[in-house]
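Chemist: Got a predicted structure here, sequence first:
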Amino acid sequence: MTDQTAYNFAYLDEQTKRMIRRAILKGVAIPGYQVPFASREMPMPYGWGTGGVQVTAACLVPEDRLKVIDQGADDTTNAVSIRRFFQRTAGVAVTEATAEASVIQTRHRIPETPLTEGQILVYQVPIPEPLRFLEPRETETRKMHELEDYGLMHVKLYEDISRHGQIATAYDYPVKVEGRYVMDPSPIPKFDNPKLGGNAAIQLFGAGREQRIYALPPYTQAISLDFDDYPFAASKADHACDLCAAPDSYLDEVITDDQGSRMFVCSDTDFCASRRAAGHSGPMGTPSAGADEE
Amino acid sequence: MYVAVKGGEKAIDAAHAWLAEERRGDTSVAELSVAQIRQQLTLAVNRVMAEGSLYDPDLAALAIKQARGDLIEAIFLIRAYRTTLPRLGVSTPVETAQMAVCRRISATFKDLPGGQILGPTFDYTHRLLDFKLAAEGEVPAAPTAPAGQDAVPHVTTMLNRDGLIQTEAEGNATPPDLTREPMELPTSRPLRLQAITRGDEGFILSMAYSTQRGYGRTHAFVGELRIGTVAVEMDIPELGFSVEIGEVELTECETVNQFKGSKTEPPQFTRGYGLVFGQTERKAIAMSLVDRALRWKELGEDNTGAPAQDEEFVLMHADNIQATGFLEHIKLPHYVDFQAELELVRKLRREALAQAEAAE
């Protein structure tokens, strides 16, 4: 806690937070639109979630309870590092329970437990521009958004279908927000896409290196791009969780030996642990959630 | 039996402790002091100040020590520290024509007012390892001469008297600040110069080199290269005049570039400009070449499609802190994305194999 005196609450100075809050408000007012903001150099590298960290820093108040996940888990190294950063610089309470958190910063997942009104979900975004890999120039892609010219994206999806028989995008799957902007949901698996639209929580997206913030206000429509004859389908490994037996959660595949054995476990560690605490048990788990104690 | 990955926190603590120990190295060898780094690894300190965009040799030396000599890591430390500093004010533009030069050369004129001063340069050293340095030998004092009293005017100013070189637009407008506003494209020249001066030395060097090899050739001569200290002055509103608050060492390079004229301009020379903190000659020369290459539009030249003419390409990829962060982040966990890809590839393979079987 000694750092609290050396730095402002949540690290950033108030002027910077105000600048970020303005960008967030603009983003909320124009769902899916990428708002340029003067991203600061943070004490962690670009690519480690500097955009998300700045958005979280601008949102946090001392009463908040923060949860940080990476790949769905609270204990991945970078999630630990970011959680610690805010414990040091903001002194806020932290939690691993999705339902108890007022602010959740995430990388690559949306929690399985449905979010509620009043919660803020902050995404770390590497490349905010959904059209970037179709058109590398920012000057061009901004024009395409202005003109609502998304033909290139549909051509790409169509080419996928003609080549592979289906849309060959498994994560980072683009959505159209309120019938206007095509938006990059950050590299979440497309399994999570249906949770983007109509969500009760505020969803904020921060891209530090690319200096962009965008947002989905609560209950905003976000539709995964598809075709009438090739509808979007959320997909996951065709298993149930080996620890908690959840049939409907997103799973990580874990290689358990060099003979090809593998097991499937929930990527959302809080979801899995609370199911086991509630007595659910998969073929390799124990209902007491004791399997992952240190 | 699988045990869900836990212990990230412990692992991080242990890694940091190990790192600190490795940084110190063998404790039977004397520890390096920050003052030693500042005094004896000056060019590394200069690079860290230039690309860190913060003129503070002591902090730059500290960053180099903390980063175990990894200069990009040191630049990163300085940048992250710089973010937290309040803006107390803005200096008046520094007058490089008034620079107290320790080095000043021109490749375009044999002699010129103010003279050529070679200064402390590697240029004509033979690159032979000096094994005496391994034995910590004392260095004999260098001969000295009284400082010249003559003014040292810019070469380009002298050329401009005859209208031979393009006149730069004057203006009192406050230049945009890359670190306080998001970069918007297309940019202006002040913003480009700002981005290049803090850009990665290696990247700017290679971009400049590519123009010399024909990718956006600009026919550059070093009109003048000067290194020295300039006074930094600040207007103090309460006093009503400006006060010198310190001095900084700068390297300035102005290239003189051939220009055959365009539809609107008669043939004359044009300039590229480089200005970098500290003695950072390679960077300043490279900067002036890249600056000149990026000016094709305002000078009415053709865009030949060369990388160095492409402002979006150059500016979006020049920053080594952005580049190294994004490059290295791919070592962070991506197993959620990878799992999604794994399922997709399995599905595609299943369907491809089924189709192949059906075809037989």
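Modeler: Cool, the structure landed.

Chemist: residues near residue 264, how many?
Modeler: You didn't say which chain, so I picked chain A. 22 (other C-beta atoms under 10 Å in any protein chain shown). Yep, even glycine has a C-beta here, placed from its N, CA and C like the rest.

Chemist: try chain B instead
Modeler: 7.

Chemist: From chain A, how far out is the residue nearest to it when sequence neighbours are not counted?
Modeler: Of all residues beyond its chain neighbours, the one nearest B:T264 is B:G300 (5.8 Å), with distances taken as C-beta to C-beta, 6 or more residues apart in numbering or on different chains. Counting by C-beta to the nearest C-beta, to the nearest Å, the separation of B:G300 from chain A is 20 Å.

Chemist: Surely B:G300 is within a strand?
Modeler: No. The assignment for B:G300 is coil, going by DSSP: H, G, I helix; E, B strand; the rest coil, so no strand is present there.

Chemist: which stretches of chain A have low pLDDT?
Modeler: Residue ranges of chain A with pLDDT under 70: A:1-5, A:287-294.

Chemist: quick one: the strands in it?
Modeler: Under the criterion DSSP state E, strands of chain A are mapped to A:35-36, A:65-70, A:93-94, A:103-107, A:120-124, A:175-177, A:181-183, A:202-207, A:212-216, A:222-224, A:251-255, A:262-266.

Chemist: residues in contact with the second one?
Modeler: Meaning strand A:65-70. Contacts of strand A:65-70 from elsewhere in the structure, counted by C-beta atoms under 8 Å, 6 or more residues apart in numbering or on different chains, are A:56, A:60, A:74, A:76-80, A:82-83, A:86, A:92-98, A:100-109, A:111, A:268-270, B:332-333.

Chemist: Neighbours of residue 10, how many?
Modeler: As the question left the chain open, I've gone with chain A. For A:A10, the number of neighbouring residues by other C-beta under 10 Å comes to 24.

Chemist: looking at chain B here, not the other one
Modeler: When counting by other C-beta under 10 Å, one arrives at 11 neighbours for B:K10.

Chemist: Spell out whether the helix or strand harbouring it and chain A are in contact.
Modeler: Element membership of B:K10, judged by DSSP states H and E, is helix B:8-24. Yes. With C-beta under 8 Å from any C-beta of the partner chain as the threshold, helix B:8-24 lies in contact with chain A, specifically through B:8-9, B:11-12.

Chemist: got a markdown table for these, with neighbour count and pLDDT too?
Modeler: As requested, these are arranged in a markdown table below (neighbours: other C-beta atoms under 10 Å in any protein chain shown; pLDDT from 0 to 100):
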| residue | neighbour count | pLDDT |
| --- | --- | --- |
| B:G8 | 19 | 76 |
| B:E9 | 16 | 82 |
| B:A11 | 14 | 88 |
| B:I12 | 15 | 90 |
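
Chemist: quick one, helices of the stretch 251-360 of chain B?
Modeler: For the stretch 251-360 of chain B, the helices defined by DSSP state H, counting those that start in this stretch occupy B:281-294, B:311-317, B:320-328, B:335-359.

Chemist: now the contacts of strand A:65-70: which count as buried?
Modeler: Under a neighbour-count criterion of 16 or more other C-beta atoms under 10 Å in any protein chain shown, the subset of these counted as buried comprises A:56, A:60, A:74, A:76-80, A:82-83, A:86, A:92, A:94-96, A:98, A:101-109, A:111, A:268-270, B:332-333.

Chemist: and these, which of them are in helices?
Modeler: In this view, those that belong to helices under DSSP state H are A:56, A:77-80, A:82-83, A:86, A:269-270.

Chemist: would you list those in JSON lines and tack on distance to B:A35?
Modeler: JSON lines is the format used below for those (distance: C-beta to C-beta, whole Å):
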{"residue": "A:T56", "distance to B:A35": "39"}
{"residue": "A:T77", "distance to B:A35": "36"}
{"residue": "A:N78", "distance to B:A35": "36"}
{"residue": "A:A79", "distance to B:A35": "40"}
{"residue": "A:V80", "distance to B:A35": "36"}
{"residue": "A:I82", "distance to B:A35": "35"}
{"residue": "A:R83", "distance to B:A35": "38"}
{"residue": "A:F86", "distance to B:A35": "36"}
{"residue": "A:T269", "distance to B:A35": "48"}
{"residue": "A:D270", "distance to B:A35": "50"}
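
Chemist: For those residues, give me JSON lines that also has distance to chain B.
Modeler: JSON lines is the format used below for these (distance: C-beta to the nearest C-beta, whole Å):
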{"residue": "A:T56", "distance to chain B": "16"}
{"residue": "A:T77", "distance to chain B": "4"}
{"residue": "A:N78", "distance to chain B": "6"}
{"residue": "A:A79", "distance to chain B": "7"}
{"residue": "A:V80", "distance to chain B": "4"}
{"residue": "A:I82", "distance to chain B": "11"}
{"residue": "A:R83", "distance to chain B": "9"}
{"residue": "A:F86", "distance to chain B": "14"}
{"residue": "A:T269", "distance to chain B": "7"}
{"residue": "A:D270", "distance to chain B": "12"}
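
Chemist: and the end-to-end length of stretch B:114-133?
Modeler: Terminal residues of stretch B:114-133 are spaced 35 Å apart (C-alpha to C-alpha, to the nearest Å).

Chemist: and the closest residue to A:R109 other than its chain neighbours, what is it in contact with?
Modeler: With C-beta to C-beta, 6+ apart as the measure, A:G72 is the residue that lies nearest to A:R109, at 4.0 Å, once sequence neighbours are left out. Going by C-beta under 8 Å, 6+ apart, A:G72 touches A:108-109, A:111, A:250, A:252, A:266-269, B:336.

Chemist: same check, this time on B:V45
Modeler: For B:V45, the contact set (C-beta under 8 Å, 6+ apart) comprises B:37-38, B:57, B:60-61, B:64, B:278.

Chemist: give me the element it is part of.
Modeler: Here B:V45, judged by DSSP H and E, is contained in helix B:42-52.

Chemist: Quick check: next helix or strand after that helix?
Modeler: Read in the C-terminal direction, the helix or strand following helix B:42-52 is helix B:57-66, with elements assigned using DSSP H and E.

Chemist: now the angle between helix B:42-52 and that following helix, please.
Modeler: Angle between the axes of helix B:57-66 and helix B:42-52 is 100 degrees (criterion: axes from the mean of the first three to the mean of the last three C-alpha atoms, to 10 degrees).

Chemist: List the contacts of helix B:57-66.
Modeler: Surrounding helix B:57-66, the residues in contact under the criterion C-beta under 8 Å, 6+ apart are B:23, B:32, B:34-35, B:37-38, B:41-42, B:44-46, B:48-49, B:52, B:54, B:71, B:73-75, B:77-78, B:81.

Chemist: Spell out which parts of the stretch 101-250 of chain B neighbour chain A.
Modeler: Of all the residues in the stretch 101-250 of chain B, those in contact range of chain A (C-beta under 8 Å from any C-beta) are B:179-186.

Chemist: So which of those are in helices?
Modeler: For those, not one is inside helices, with DSSP H as the criterion.

Chemist: For whatever residue of the stretch 101-250 of chain A ends up closest to chain B, list the residues it contacts.
Modeler: Proximity of the stretch 101-250 of chain A to chain B (C-beta to the nearest C-beta) peaks at A:A170, 3.6 Å away. A:A170 makes contact with A:189-190, A:235, B:337, B:340-341, B:343-344, according to C-beta under 8 Å, 6+ apart.

Chemist: from those, which two are the most distant?
Modeler: Across those, the two members that end up farthest from each other (C-beta to C-beta) are A:S235 and B:D337, 13.2 Å apart.

Chemist: List the contacts of B:Q98.
Modeler: B:230-231.

Chemist: so what's it scoring on pLDDT?
Modeler: The predicted structure scores B:Q98 at 92 on the pLDDT scale.

Chemist: same question, B:I321
Modeler: Per-residue pLDDT puts B:I321 at 96.

Chemist: so it makes contact with B:R79?
Modeler: Yes. Checked against C-beta atoms under 8 Å, the pair B:I321 and B:R79 is within contact range at 5.7 Å.
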